[in-house]
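In: Show me the folded form of this:
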Amino acid sequence: MLSIPGTHDSMTDKLEDSSKQTQNVPLTQQLTGGVRYIDITCRYINDDMKVYKGLTDTGYSLGDLLTTLFSFLNQHPREAIILRIHKGGMLDDSKTFLKFMEGYLLPSSAFSDRAAQEIYFTSVGNTTVPTIGEVRGKILILQDFKTSPPGLFGIPWNSHTISSYNQQFSPGSLLLSLKWRGVKSHISRSRSKDYDKLRITHTTASTGAKPVKVAAKKGLGVGMNRYLGKYLLFGEGNCFGIIVMDFPGYVLVDEILKLNHLYQVPESSDFPSDRIVPDVIGGFGFEEVSDYDEISDGEGPPAETSDDENSNDQDTPAFIR
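Out: Residues are numbered from 1 along each chain as shown. Presented below is the predicted three-dimensional model:
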């Protein structure tokens, strides 16, 4: 099972309200920095499919998102991206939403040529997690909304396919420590517990709190990014699956990627050399640098994942083992 860095509400960098912003760099920089799991909520508003954070327009459309992802994969055709799409607006008309989602994702749409080439699809309702060889150069969609039949656009988001931990807590230090215990338990559990599922762990805990304070708590408290960074940096246990974060710094992303060295083939030149996710908070997403998160002078960007043309990955599940 690979370890994959992800962001929660990935396209909120334009929002100025700190109670809603969960990321502070654009999607392109996140991808360049090593993030491979993208999370968005869409609503059909004013004749377009918009990306929302709750009731707030992020300033991006689904077209903006897909254009960015397609461009990245065109430059790095052996990379793969996991995209979770959630339907926002509980009272929004589902039929209209699905009609315009089809306009983006199904053949004969404005994006049809690119979608056919770069969105992974086998058959409607298929819940099998693809191999690395199958998904390279493509977007694997996790469909977090209902269709008939299920899985019309991608793998359905449900308990049969995905093992997800996303417990929400308010910002108190005690509750954050309890949240961390749940996160640690989920990322470190034996692979045999959910070997045939995508394991997705949300470190976010933003109910009733500003996301930046939860990710990087000031003062004596410890934020979720510091908990995770310390756990990874000091090898305190196993870590498997997709780790979904608010405001991850490039050092934290790098520590997650380092867990995949077992699968890495060195000396590849097909990847960007500037994989750095800058962060308003610092390396691990902390306001105050400590021994737990300090990056040494001259530290470079995160190491790349394997892109060796001769690597035998066709039969290796991309996100399971």
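
In: Only C-alpha atoms from now on, for both contacts and neighbour counts.
Out: Will do.

In: and the strand of greatest length in the chain, what does it pack onto?
Out: The single longest strand within the chain, with elements called by DSSP state E, is strand 37-45. Judged by 3 or more Cα pairs under 8 Å, 6 or more residues apart in numbering; DSSP states H and E, the packing partners of strand 37-45 are strand 3-7, strand 48-53, strand 81-87, helix 94-105.

In: mind running it again at 6 Å?
Out: For strand 37-45, the elements it packs on are strand 48-53, strand 81-87, judged by 3 or more Cα pairs under 6 Å, 6 or more residues apart in numbering; DSSP states H and E.

In: mind listing what's buried in it?
Out: Residues 37-44 are the ones in strand 37-45 that count as buried (16 or more other Cα atoms under 10 Å).

In: Show me the contact partners of it.
Out: If you take Cα atoms under 6 Å, 6 or more residues apart in numbering as the criterion, strand 37-45 is touched by 6-10, 49-52, 82-88, 97.

In: which intervals of the stretch 51-200 of the chain have sub-threshold pLDDT?
Out: For the stretch 51-200 of the chain, the stretches flagged by pLDDT under 70 are 107-110, 159, 168-174.

In: need the helices for it, in chain order.
Out: According to DSSP state H, counting those that start in this stretch, the stretch 51-200 of the chain carries its helices in the segments 62-75, 94-105, 112-118, 132-135, 173-188.

In: and among these, the most buried is which?
Out: Comparing the helices of the stretch 51-200 of the chain on average neighbours per residue, with mean count of other Cα atoms under 10 Å, the densest one is helix 132-135 at a mean of 20.

In: The helices and strands packed on strand 37-45: which one's closest to residue 215?
Out: strand 48-53 (17.4 Å; Cα to Cα).

In: Just want the angle from that closest one to helix 94-105.
Out: Taking axes from the mean of the first three to the mean of the last three Cα atoms, to 10 degrees, one finds strand 48-53 and helix 94-105 inclined to each other by 100 degrees.

In: Please identify the buried residues of strand 48-53?
Out: For strand 48-53, a neighbour-count test (16+ other Cα under 10 Å) marks 49-53 as buried.

In: could you check the angle strand 37-45 makes with it?
Out: Taking the same axes, to 10 degrees, one finds strand 48-53 and strand 37-45 inclined to each other by 120 degrees.

In: Can you give the distance of strand 48-53 from its chain's centre?
Out: 18 Å (Cα atoms, centre = their mean, to the nearest Å).

In: Residue 211 is nearest to which of the helices and strands packed on strand 37-45?
Out: Residue 211 sits nearest to strand 48-53 of all the helices and strands packed on strand 37-45, at 12.4 Å, using Cα to Cα.

In: then the closest one to PDB, C-alphas only?
Out: Provided in PDB are the C-alpha atoms of strand 48-53 (Å, rounded to 0.1, in the frame of the first residue of the first chain):
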ATOM      1  CA  ASP A  48     -21.400  26.400 -14.800                       C
ATOM      2  CA  MET A  49     -20.100  23.700 -12.500                       C
ATOM      3  CA  LYS A  50     -18.400  25.700  -9.700                       C
ATOM      4  CA  VAL A  51     -16.000  24.500  -7.000                       C
ATOM      5  CA  TYR A  52     -17.400  25.400  -3.500                       C
ATOM      6  CA  LYS A  53     -16.300  25.400   0.100                       C
END
